[in-house]
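Trainee: mind folding the following:
(2 chains)
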2 protein chains.
Amino acid sequence: MSCSSHEFFSGKEDDFGGVIVQFTQSMETNVFASLLRASLAQWKLQGKKGVWLQIPIDSVNLVEAAVKEGFYYHHAEPKYLMLVHWIPGSNNTLPANATHRVGIGAFVLNKEGQVLVVQEKSGKFRGTGIWKFPTGVVEEGEDICDAAVREVKEETGIITEFKEILAFRQSHKAFFQKSDLFFVCMLEPLSFDIKKQELEIEAAEWMPFEEYATQPFVKTHELLKYLVDICLAKKERKYTGFTPVPTTSTFSEEKNFLYLNGRDLSSL
Amino acid sequence: MSCSSHEFFSGKEDDFGGVIVQFTQSMETNVFASLLRASLAQWKLQGKKGVWLQIPIDSVNLVEAAVKEGFYYHHAEPKYLMLVHWIPGSNNTLPANATHRVGIGAFVLNKEGQVLVVQEKSGKFRGTGIWKFPTGVVEEGEDICDAAVREVKEETGIITEFKEILAFRQSHKAFFQKSDLFFVCMLEPLSFDIKKQELEIEAAEWMPFEEYATQPFVKTHELLKYLVDICLAKKERKYTGFTPVPTTSTFSEEKNFLYLNGRDLSSL
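Mentor: Have a look, this model is predicted:
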């Protein structure tokens, strides 16, 4: 809750001299506006810097009033809008919004030298007859290595074990003004029988790698040519990518994956 | 502009059967609401799927009306809010919002075996006396390799050439619900004289690598221990990271960097 008395909002303090107020109950717009003005005056006296307002979409009636008091948008998710106001006269040191979406492509090679490929029902490859690696978007809070295993399972039914990140590409203005990081992953198949997803996938099959690589589309696409070269080198065991190593930091108990060249690191 | 007649909004069509309306002029809330209702009815008849409204912060008066018509937040930047509405009854296939912030840490080693280190004026290391690699956030639309060179120059005045990405870490809930990708980069110094940035940097110096590596903080931090091992292996030329290769795609004229193990790829 946000309103401790009838006079000021109470918020949580952050590590940077700021305060964050989360609104969980609906409120009249004019009540909100006068409480916000009073609270801002108090925060200013207290020397606060960044003030954050997290307003659920159900309380959209408060947004205009907040903007009138000098707040602007920081980020938004489907169910809430985060506004921020920097009180000091100096340049703000507020954290930037998220800038990248993260995607994966999966190179799944079986013992017969066949690669797992799909045709998609929608998107720019729809109806082209082009066979491509399974791809997908890494979900909020998901590890890249888990996302690759999940997407392959969802699209083709194949169970895999994550091996390596072979390469990655950064591209800009992928959607609106945001950028994209696309990780090409190698996975080892643990099952063989394909069961394709009906909604997104037109066809899925195991294809000799040569057949995939000699598609005209692949041969005229500079990025895909590099990926074919990498996969060929990997097939011959002449290429090392980055493998995930779980690590902890002193700041949190969370396990995070560090991706590194494990072959070259003797301490592993 | 958004209003082609007095009856409907006109928008740009996208590649996925959707339409995007950008508002560039202020409008009365009730005029907006009735035009939006009429437009939605028309888009529905036309079989449109996703409808996007990009509303500048100056037109914040329109936000509540849009939400009342079934729109919800997709993303926000300081100067605008993007709302979306999925017309069909089926599950939506709208693109996800950006999920990751991207940062860099710079390993800059000179010919005397000294590493470039800094002490920061703010953040969690303030006042701890801990020496760390220069770090920073990749800006919107910026390449990772350029960001590393820029941050080193800004913080220490040292001019560098980007060499390799040695490793990277993915962590979650780094700020609000967003994730973080942190790339450890190796750069070669092209200048020697340090000129530290006054605002953020308390001190900057060239330090024997051993002295950096034996700081108690580094030795008790699992992630930093890995990075020390990687840097040591790199120092002995026994470690290969990913190098950037510019590529184009058939879909756009933009140059994008593909990061890969260049030593292992004979085609390079």
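Trainee: gap between the two ends of stretch A:104-112?
Mentor: Taking CA to CA, to the nearest Å, the first and last residues of stretch A:104-112 lie 24 Å apart.
Trainee: do that stretch and chain B meet at all?
Mentor: No - judged by CB under 8 Å from any CB of the partner chain, stretch A:104-112 and chain B are separated, with a smallest distance of 11.9 Å. The way it works is simple: take the backbone N, C-alpha and C, and place the C-beta from them, glycine included.
Trainee: tell me if stretch A:64-74 is near chain B.
Mentor: Yes - with CB under 8 Å from any CB as the threshold, stretch A:64-74 lies in contact with chain B, specifically through A:64, A:67, A:72, A:73, A:74.
Trainee: what's the separation between the third one and residue A:84?
Mentor: Distance of residue A:72 to residue A:84, computed by CB to CB, to the nearest Å: 7 Å.
Trainee: go on, the fourth one?
Mentor: Computed as CB to CB, the residue A:73 to residue A:84 distance reads 8 Å.
Trainee: follow-up on the earlier one: neighbour count winner among residue A:72 and residue A:84?
Mentor: For residue A:72 and residue A:84, the more surrounded residue by other CB atoms under 10 Å in any protein chain shown is residue A:84, and the numbers stand at 20 against 17.
Trainee: how about residue A:230, what does it touch?
Mentor: With contacts defined as CB atoms under 8 Å, 6 or more residues apart in numbering or on different chains, residue A:230 is in contact with A:166, A:167, A:184, A:239, B:260, B:261, B:265.
Trainee: for the fifth one, what are its contacts?
Mentor: Put plainly, it is residue B:260. By CB under 8 Å, 6+ apart, residue B:260 lies in contact with A:166, A:167, A:226, A:230, B:242, B:243, B:245.
Trainee: how far away is it from residue A:261?
Mentor: In this structure, residue B:260 lies at 12 Å from residue A:261, with CB to CB as the measure.
Trainee: pretty sure residue A:259 contacts residue A:246?
Mentor: No - at 10.9 Å, residue A:259 does not count as touching residue A:246 under the criterion of CB atoms under 8 Å.
Trainee: where does the closest residue to residue A:191 other than its chain neighbours land on pLDDT?
Mentor: Closest residue to residue A:191 apart from its sequence neighbours, by CB to CB, 6 or more residues apart in numbering or on different chains: residue A:159 at 4.4 Å. You'll see residue A:159 listed with a pLDDT of 98.
Trainee: look at residue A:159 and say how many residues are nearby.
Mentor: Neighbouring residues of residue A:159 were enumerated by other CB under 10 Å; the total is 14.
Trainee: quick check: phi and psi on it?
Mentor: Taking degrees, to the nearest 10, you get phi -90, psi 130 for the backbone angles of residue A:159.
Trainee: just checking, it touches residue A:189?
Mentor: Yes - in this structure, residue A:159 is within contact of residue A:189 by CB under 8 Å, at 7.3 Å.
Trainee: the inter-axis angle of the strand ranked longest in chain A versus strand B:160-175?
Mentor: Longest strand in chain A by number of residues, with DSSP state E as the criterion: strand A:160-175. If you take axes from the mean of the first three to the mean of the last three CA atoms, to 10 degrees, strand A:160-175 sits at 100 degrees to strand B:160-175.
Trainee: angle of the following helix or strand past strand A:160-175 against strand B:160-175?
Mentor: The C-terminal neighbour of strand A:160-175 among helices and strands, as given by DSSP states H and E, is strand A:178-189. Orientation of strand A:178-189 against strand B:160-175 (the same axes, to 10 degrees) gives an angle of 80 degrees.
Trainee: hmm, strand A:178-189 touching chain B?
Mentor: Yes - where contact is defined by CB under 8 Å from any CB, part of strand A:178-189 touches chain B, namely A:178, A:179, A:181.
Trainee: residue A:206: how many residues sit nearby?
Mentor: Residue crowding around residue A:206 was assessed by other CB under 10 Å; the count is 18.
Trainee: quick one: pLDDT of it?
Mentor: 98.
Trainee: quick one: it is in a helix?
Mentor: No - inclusion of residue A:206 in a helix is not indicated when DSSP: H, G, I helix; E, B strand; the rest coil is applied; the result is strand.
Trainee: how near is it to chain B?
Mentor: Computed with CB to the nearest CB, to the nearest Å, the distance linking residue A:206 and chain B is 25 Å.
Trainee: check the burial of the nearest residue to that residue once chain neighbours are set aside by counting its neighbours.
Mentor: If you skip the residues right next to it in sequence, residue A:206 has residue A:114 as its closest partner in space, 3.9 Å away by CB to CB, 6+ apart. Neighbour count for residue A:114, taken as other CB under 10 Å: 19.
Trainee: surely residue A:114 and residue A:194 touch.
Mentor: No - between residue A:114 and residue A:194 there is no contact under CB under 8 Å: 11.1 Å.
Trainee: got any residues that touch both of these two?
Mentor: Taking CB under 8 Å, 6+ apart as the contact rule, residue A:114 and residue A:194 both touch residue A:206.
Trainee: flag every buried residue along stretch A:193-200.
Mentor: A:194, A:196, A:197 (16 or more other CB atoms under 10 Å in any protein chain shown).
Trainee: dump the residues you listed to JSON lines, plus distance to chain B, pLDDT and secondary structure.
Mentor: As requested, the buried residues of stretch A:193-200 are exported to JSON lines (distance: CB to the nearest CB, whole Å; pLDDT from 0 to 100; DSSP: H, G, I helix; E, B strand; the rest coil):
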{"residue": "A:194", "distance to chain B": "23", "pLDDT": "97", "secondary structure": "coil"}
{"residue": "A:196", "distance to chain B": "17", "pLDDT": "94", "secondary structure": "coil"}
{"residue": "A:197", "distance to chain B": "13", "pLDDT": "92", "secondary structure": "coil"}
